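Visitor: Sequence first, predicted model second:
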Amino acid sequence: MHYCSPSLDVDYEFEKLVNRMHPPRVTVDHIADKNSTLIKVDSANKRGSLLEVVQVLTDLNLLIKRAYISSDGGWFMDVFHVTDQYGNKLSEDIVTDHIMQSLGRRGCSFRSLRGSVGVQYASENTTIELTGRDRPGLLSEVFAVLTDLKCNVVAAEIWTHNSRMASIVYITDDETGLPIDDQDRLEKIKQLLQYVLKGDLDRRGAQTAVSVGFTHTQRRLHQLMYADRDYDTDEHAITSKGTSGYKPLVTVENCVERGYTVVNLRCPDRPKLLFDTVCTLTDMQYVVFHATITAEGPEAFQEFYIRHTDGCPINSEAERQRLIHCLEAAVKRRISEGLRLELCGEDRPGLLSDVTRIFRENGLSVTRAEDAPSIVINLSASLLLAVEMNNKVDTTIAQAASSLVWCMEEAAVDGALIVQPINHKFDHSYVTSVLKKHPSKFVGCCLANPAEDGSGVQQLEHLVLEDGYRAVRFNPYLWPSGQQMTNEIGKAMFSKAGELGVPVGFICMKGLNLHISEIKKLCSEFPKTVVLLDHLAFCKPPTDDEAAKTFSELLGLSRFPQVYVKFSALFRVSRKPFPYEDLSPILSQVISSFGANRVMWGSDFPFVVEECGYKEAKEAVSVIANQVSISSSDMECIMGRTAMQLFEGKWTDS
């Protein structure tokens, strides 16, 4: 058994000299691309530089929409088009500064086992790495052993794929709260965990390692899964419901004239996808010389020009197939279908052991888990679990609706407008079932289907007349590429909404300035159709002339008497933390332009629960209003009367 601590690379001193001679240059451009922020990185070329840069962007929860990589020769240049996790450009705040500082400090100092995750407790815990065969109840047994050995789990992350499991667990001594450095005790921990991990069907064997210090958790999990050969087929595998029907398209071909192997990957886009594929290429000892990344729609396309570290392209069919399988595994490791359960509460010794025991006793299998200390003042633990269930995943519908009803009752909210979730696209069975179960609580807003065959018009009519929907959302990003909401189909649906007497809600996530002309045109041509501008049309408090102009455009829409504004998702439009007091002048100006009888509050459930809480989001409106002395009658309109008038007959004064 080995006890290790982070050590310097052999050539670290030489790398520091190169860094001083050729420091990386990082440029952040908010102007060149209207939809994203450009980050350009230029530096001396060393192995691992690309992974280090992508790792930093991933740790900051940035979405990479496009990227161009070139590192042929002694210099490398990376260009990334990024947005925040909500699809917006980066704001001029600490996020941008952090990018500059992180890349400038770390951009050329690649460490395969280091990173920014867990830095807050890096020197204050002991790290346990586990790999082995996945089976029901395994996680419960692991945490039970640690609890019996008086170990407190500070944080943990678990991945499962293709019947294999990898986990990194950070522990401290239960009594002292300090790292465990007694070698006899560590040896006992390792032996007992090794016994738990090893099963009759585990032909590959289980592995347990203990160290003092930290790793970049997800970087290391990729290494553990790759070393455990999770990309191989196992005849005893427990088929994953989340990935059994999912297979990314990967092609590997040699470009003989240029001496490269060209790798193309196509799959549904998701966060951290580029990080996962670059990790795998690096672990397989391939060097990326050129790459083009596109992820601006539902699918992602990645093209890499690679060679092995010895300078040669792939030269055998077996190696080509192995690379394909490894990239498929890298994409699928994070994919889990089932109930995603988040638990928050006061931390205590043995909490995770008790929680996972309950799952095991009820026949549930944990496929992924993350746990980390909350930033709330009171010490707490947050556990995210993707759970495979024997019954259909649709059982979560009732739970989600019940959760919203509970939040509404706690906040003394009598009714709510619920919008068709984007991930369900045009299958409205989810929301329809909720509307039928809670007819006195909810008003439904369906999603407009801009299909070129015009079927969306008939679907809208059916949803309104047959299923009782009272509003429809226009999402401009669902329109076919190159087409606008003012095309023939868009006009037909907008006109039909007016005929049916249902408002049209616009969701302008990438900025009102991109869609203002379409909204004006539709409002002018079809004045009978009521319009709702969701989330203040994503207009944040202006900090520059461009933002001020966009906000002025929002206020200008008040000339259309049929346009209403939703003062909703405050955490998305504020530049400050809860209670979002910078929105006070915004709300005041909106009321002055539109009148309070055309302004209504909305929560943006379920996302608001994680951000500040449902009840707290409602209370924030009062805090914001008090800053600018909004009258009680105006507040009554914003907090309910406007919605009651807009959806007449649905709710009445209590």
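Guide: Cool, the structure landed.
Visitor: Nearest spatial neighbour of Q207, chain-adjacent residues omitted?
Guide: Using C-beta to C-beta, 6 or more residues apart in numbering and skipping the chain neighbours, the partner closest in space to Q207 is T131 (4.5 Å). C-beta coordinates here come from the backbone N, C-alpha and C atoms, glycine included.
Visitor: quick one: contacts for the one you found?
Guide: Contacts for T131 (C-beta atoms under 8 Å, 6 or more residues apart in numbering) come out as 164-167, 197, 206-207, 224-225, 227-228.
Visitor: What is the lowest-pLDDT residue among those residues?
Guide: By pLDDT, A206 ranks lowest within those, coming in at 66.
Visitor: Residue ranges of each domain in the protein, please.
Guide: When the chain is parsed with automatic domain parsing, its domains come out as 12-111+246-319, 119-239+337-388, 395-646.
Visitor: which stretches of the stretch 251-400 of the chain form helices?
Guide: Secondary structure of the stretch 251-400 of the chain by DSSP state H, counting those that start in this stretch: the helices cover 273-283, 317-332, 351-361, 395-410.
Visitor: Give me the subset of the contacts of T131 lying in strands.
Guide: Judged by DSSP state E, strands contain the following of those: 164-167, 207.
Visitor: out of the residues you listed, which one sits closest to S36?
Guide: Nearest to S36, judged by C-beta to C-beta, of the ones in strands among the contacts of T131 is A166 at 33.0 Å.
Visitor: Who is that closest one paired with across the strands?
Guide: A166 has these beta-bridge partners by DSSP bridges: T131, W159.
Visitor: these two touch, right, it and A156?
Guide: No - judged on C-beta atoms under 8 Å, A166 makes no contact with A156 at a distance of 11.5 Å.
Visitor: thinking again about what came up before, just give me the lowest mean pLDDT stretch among the domains of the chain.
Guide: domain 119-239+337-388 - the lowest mean pLDDT of these, at a mean of 74.
Visitor: from the middle of its chain, how far away would that domain be?
Guide: 22 Å (C-alpha atoms, centre = their mean, to the nearest Å).
Visitor: residue boundaries of the helices in the stretch 101-250 of the chain?
Guide: Using DSSP H, counting those that start in this stretch, the helices assigned to the stretch 101-250 of the chain run over residues 138-148, 183-197, 217-227.
Visitor: orientation of the second one relative to helix 138-148 in degrees?
Guide: Angle, helix 183-197 to helix 138-148, by axes from the mean of the first three to the mean of the last three C-alpha atoms, to 10 degrees: 160 degrees.
Visitor: helices and strands around helix 183-197, which ones?
Guide: Packing partners of helix 183-197 (3 or more C-beta pairs under 8 Å, 6 or more residues apart in numbering; DSSP states H and E): strand 126-133, helix 138-148, strand 207-212.
Visitor: try 10 Å this time
Guide: On a contact count with 3 or more C-beta pairs under 10 Å, 6 or more residues apart in numbering; DSSP states H and E, helix 183-197 meets strand 126-133, helix 138-148, strand 164-173, strand 207-212.
Visitor: Next, the angle strand 164-173 makes with it.
Guide: Interaxial angle, helix 183-197 versus strand 164-173 (the same axes, to 10 degrees): 150 degrees.
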